[in-house]
Each structure stands twice: as structure tokens, then as C-alpha cells.
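**Q** sequence? don't have it. structure:
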């Protein structure tokens with residue numbers, strides 16, 4: 001538990017108030033995370049153990065996951081407003097999926113570090129937010145105004 005409490009003092013835990021978009025730095029942060037092998041191993045092991053509601057880290061992981069989803073959902077909504085994420089994507093659902101992929105990639109990388117976690121997380125985030133489906137006219141097409149299509 002002391003390690004999780006220490007993690008709460010980590011700058012990432014305060015990102016919501018910093019103006020930094022977690023969505024934009026997630027791939028780099030994932031790479032930095034696995035560079036700290038002992039912390040990453042502890043995080044993955046504790047996350048599995050914390051699935052038990054009686055585990056001392058259960059509440060910490062509930063707060064951590066809820067904050068991560070909320071911050072990413074905010075960032076995805078901002079990206080939708082800027083035309084960088086598909087407007088039909090549910091931001092909260094996408095954020096939860098990104099957190100799940102991030103955690104899963106971290107666990108896989110600890111077993112087999114032969115892949116680039118930055119690249120994999122970026123690809124997953126683009127797929128989940130359907131960023132690859134966007135065309136220059138996509139943000140305008142979604143507003144229902146035929147006059148704005150293609151502008």
C-alpha cells in the first residue's frame with residue numbers, strides 16, 4: 001500500500017489540474033512506466049490482487065481507474081470538438097477501453113518486451129476513438145447540414 005500511496009504523489013496523479021491532456025501523453029507515459037520495471041511489476045500484481053474487495057489496495061485502484069477514465073473521457077470529448085476523434089464515439093466508454101488496453105499492454109510487455117508499447121497504445125487509441133475513420137470533411141458531415149459537407 002505504501003507504493004500506491006507514493007504513486008498518488010506522482011505528477012500523473014495530479015494531471016487533471018495540470019492542463020496536460022492524458023490522451024496526448026499516454027503512449028509516452030506507458031513507455032516510461034515499463035522503463036521502471038519494479039513499479040510496473042508491482043502495479044500489475046497489485047491490480048490483480050485488488051480485484052478482491054477486501055484487499056487494502058482495492059479502494060486505491062477504484063479511485064485510480066475512475067480518475068483515469070474521467071480524465072481520458074474529458075480529453076476524448078475535447079478531441080471530438082477539434083475533429084480529432086469520431087463524433088459518434090462514446091467518450092466514457094472509449095476512455096474505459098483505453099485504460100483496459102493500456103493495463104493489458106503493460107502486463108503483456110512485462111512478459112514479452114519485444115514490441116513497442118508506445119506504438120501499440122497509439123494504434124489502439126486511434127482505433128477506439130475511430131480517429132482513423134475521419135476524413136477532412138467528417139466533422140462537418142456529422143452536423144447534418146448538407147451545405148457544410150465537403151467544406
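**A** That came through, no problem. Small disclaimer: the values here were computed from a predicted structure and weren't measured.
**Q** C-alpha from now on. contacts and neighbour counts both.
**A** Fine.
**Q** pLDDT of the helix or strand encompassing residue 119, averaged?
**A** In this structure, residue 119 sits in helix 117-128 according to DSSP states H and E. The average pLDDT within helix 117-128 is 93.
**Q** which strands and helices sit next to it?
**A** Applying 3 or more C-alpha pairs under 8 Å, 6 or more residues apart in numbering; DSSP states H and E, one finds that helix 117-128 contacts helix 22-35, helix 91-111.
**Q** what stretches of the chain score poorly on pLDDT?
**A** Of all residues in the chain, those with pLDDT under 70 make up the ranges 1-20, 135-151.
**Q** can you rerun that using 90?
**A** Where the chain drops to pLDDT under 90, the residues are 1-40, 64, 84, 130-151.
**Q** the longest helix in it is where?
**A** If you go by DSSP state H, the chain has its longest helix at helix 58-81.
**Q** Count the neighbours of the nearest residue to residue 81 once chain neighbours are set aside for me.
**A** Of all residues not flanking residue 81 in the chain, residue 87 sits nearest, at 8.0 Å (C-alpha to C-alpha, 6 or more residues apart in numbering). Residues lying near residue 87 (other C-alpha atoms under 10 Å) number 22.
**Q** Other residues contacting the longest helix of the chain?
**A** 4, 16, 21-23, 47, 50-53, 85-87, 91-96, 99, 129 (C-alpha atoms under 8 Å, 6 or more residues apart in numbering).
**Q** Can you say which of those are buried?
**A** Neighbour-count burial within these applies to 4, 16, 21-23, 47, 50, 85-87, 91-92, 94-96, 99, 129; the criterion is 16 or more other C-alpha atoms under 10 Å.
**Q** measure residue 42 to residue 111 for me?
**A** Using C-alpha to C-alpha, to the nearest Å, residue 42 is found at 14 Å from residue 111.
**Q** higher neighbour count, the two?
**A** Between residue 42 and residue 111, counted using other C-alpha under 10 Å, the more crowded position is residue 42 (13 against 10).
**Q** Work out for me the element that one sits within.
**A** Going by DSSP H and E, residue 42 is part of helix 37-49.
**Q** Thanks a lot, see you next time.
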